[in-house]
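[1] prediction below, plus the sequence it came from.
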Amino acid sequence: MPRAETGFSVLSDDFAAAPYRYFAGLRERAPVHYEPAIDSYFLSRYQDVKRVLTDHQAFSTETLQVRAEPVMRGPVLAQMTGAEHTAKRKIVVRGFTGQALQDQIRAIRANAAELIAPFLPRGRVDLVNDFGKPLAVYVTLDVLGLDKKDWQQVAAWHSGVAEFITSIVLTPERRRHCLDCAEQLEAYLVPLIEQRRRHPGEDLISTLCTAEFDGIAMSNRDVTALIINVLAAATEPADKTLALLIKHLIDHPEQMAQVRQDPTLLPAAIAETLRYTPPVQLIPRQSEKDAVFAGTTVPVGATIFCMIGAANRDPDAFTAPDTFDIHRPDLGTARSFTAAAQHLAFGTGLHQCVGAAFARAEIETVAAMLIPLLDQVHYSPDFRYRETGLYTRGPASLSLDFTPVHEGVPGHD
Ligand code: HEM
């Protein structure tokens, strides 16, 4: 079994504080990093990560079953394969495309305007906690057709579910708490599912209730699992990406000025944010047979973590990878939100994110509204930037000052 590099651990506080500092060393000197405490392998090279995510025979999503099913209360997309996976993905995608997407964009704009309004006259907002987090939950609730008055409760349950899936190590107390959250979320959802079966609307829950797989309608358990799947998958990365986008533009004022002047650059800025700082940092898989990477054998049955942040900064995949550059020729903005994306922020292969196009629409809509409102935006004087999270990662807060706005917000009536 390969030894961990002396003294280095991805579970250390040093790594948690600034993982990007270690990525080049990992790729060059420990591309197959073994972590004995959790008996798992961490891959950091772009080609290795891509291989794991696209070779579905050799690397399965079995680990996600253990990680997700107890809190999703049923089978989730990530653990499915074959015809069931294809059919259920298609049903979920229907909820985010065509007319549904147009309606959602209108709702996103209205939600964003409502949430930012109280902060505009003050000229100060914490973009993460005051705005991005509630917005991402509002948007997901709208998609699902759930009542926004319940958002704080749903957000609290959701955070327990997310903690279960994304924790590398979980104490028995936290595990119990997360499972309680999932049970309460299920108890909240089941009566709603039954009501939508009787009176279907245009929302995703109704679509899931009325859709059939193999000629059989989905059970309450199947629908609950898919709803929690979407709730967990859609909410967290979207709010992190928005905050990271604004942060990178503040840190690169010339690129902020270009985006302000030409908002058609926004998709490139979002794609580059996803490449440079992917909010989903780790994607787990299980090896179905012995596999050799850079001369090291990963044994059958091992847990492998694909390090997306490290892969996206691999000089074999992107020129000058540690530079944030919305004009980089190797970005390929148009394909950045499709199966042909060069960056791996949405994963790749069969389980690539179903919400990529929706995420682009959501973040672009919000950023296009927000950036013109935040004139002269800069960090608040005593603000200290800090990121958290090993599995999903983003700013803990983003306290911004800007020129106060006293007249109404466009789109908010
Ligand atoms: C910037 C925002 C987002 C990022 C970075 C992101 C990232 C990811 C990643 C990395 C995966 C692949 C996991 C794997 O291979 O195991 C994934 C899967 C998934 N995402 Fe997203 N996601 C985002 C937004 C969304 C949104 C808005 C939705 C829903 C509207 C969504 C729904 C899903 C679902 C359902 C899956 C599971 C797909 C499957 O297993 O077939 N995501 N996402």
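    Here it is on my side, so go on.
[2] next, the distance between the ends of stretch 291-301.
    Using C-alpha to C-alpha, to the nearest Å, one end of stretch 291-301 lies 10 Å from the other.
[3] my guess is residue 148 contacts residue 141. True?
    Yes. Residue 148 is in contact with residue 141 according to C-beta atoms under 8 Å; the separation is 5.5 Å. (Each C-beta comes from the backbone N, C-alpha and C, glycine too.)
[4] any low-confidence regions in this structure?
    1-6, 408-413 (pLDDT under 70).
[5] need the strands for it, in chain order.
    32-35, 40-43, 59-60, 124-126, 212-213, 216-217, 282-287, 291-293, 296-298, 303-307, 378-379, 387-388, 394-395, 399-401 (DSSP state E).
[6] contact partners of the fourth one?
    By C-beta atoms under 8 Å, 6 or more residues apart in numbering, the surrounding residues in contact with strand 124-126 are 116, 119, 131, 380, 397-402.
[7] ok, and for it, which residues are buried?
    125-126 (16 or more other C-beta atoms under 10 Å).
[8] picking that back up, okay, residue 148 and residue 141: which has more neighbours?
    Taking other C-beta atoms under 10 Å, residue 148 and residue 141 do not tie; residue 141 has more neighbours (22 against 16).
[9] the more buried one reaches residue 149, doesn't it?
    No. Look at residue 141 against residue 149 with C-beta under 8 Å: they stay out of range, at 9.6 Å.
[10] number of residues surrounding the residue of the chain found nearest the ligand?
    The ligand sits closest to residue 355 of the chain, with a gap of 2.1 Å, by C-beta to the nearest ligand atom. The local packing of residue 355 (other C-beta under 10 Å) involves 22 other residues.
[11] for it, give its distance to residue 105.
    As defined by C-beta to C-beta, to the nearest Å, residue 355 lies at a distance of 14 Å from residue 105.
[12] kindly report the same for residue 122.
    27 Å.
[13] same question for residue 37.
    On the measure of C-beta to C-beta, residue 37 and residue 105 end up 45 Å apart.
[14] same question for residue 297.
    49 Å.
[15] contact residues of the stretch 1-150 of the chain facing the ligand?
    77-78, 89, 92, 96 (C-beta under 6 Å from any ligand atom).
[16] quick one, phi psi at residue 10?
    When read as degrees, to the nearest 10, the backbone of residue 10 gives phi -70, psi -10.
[17] now distance to residue 324 and neighbour count too, for the contacts of strand 124-126, in a markdown table please.
    Shown next, in a markdown table, are the contacts of strand 124-126 (distance: C-beta to C-beta, whole Å; neighbours: other C-beta atoms under 10 Å):
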| residue | distance to residue 324 | neighbour count |
| --- | --- | --- |
| 116 | 25 | 22 |
| 119 | 26 | 20 |
| 131 | 22 | 23 |
| 380 | 22 | 16 |
| 397 | 21 | 18 |
| 398 | 16 | 24 |
| 399 | 21 | 19 |
| 400 | 18 | 24 |
| 401 | 22 | 17 |
| 402 | 21 | 19 |
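[18] out of those, list just those in helices.
    Using DSSP state H, the members of these that fall in helices are residue 116.
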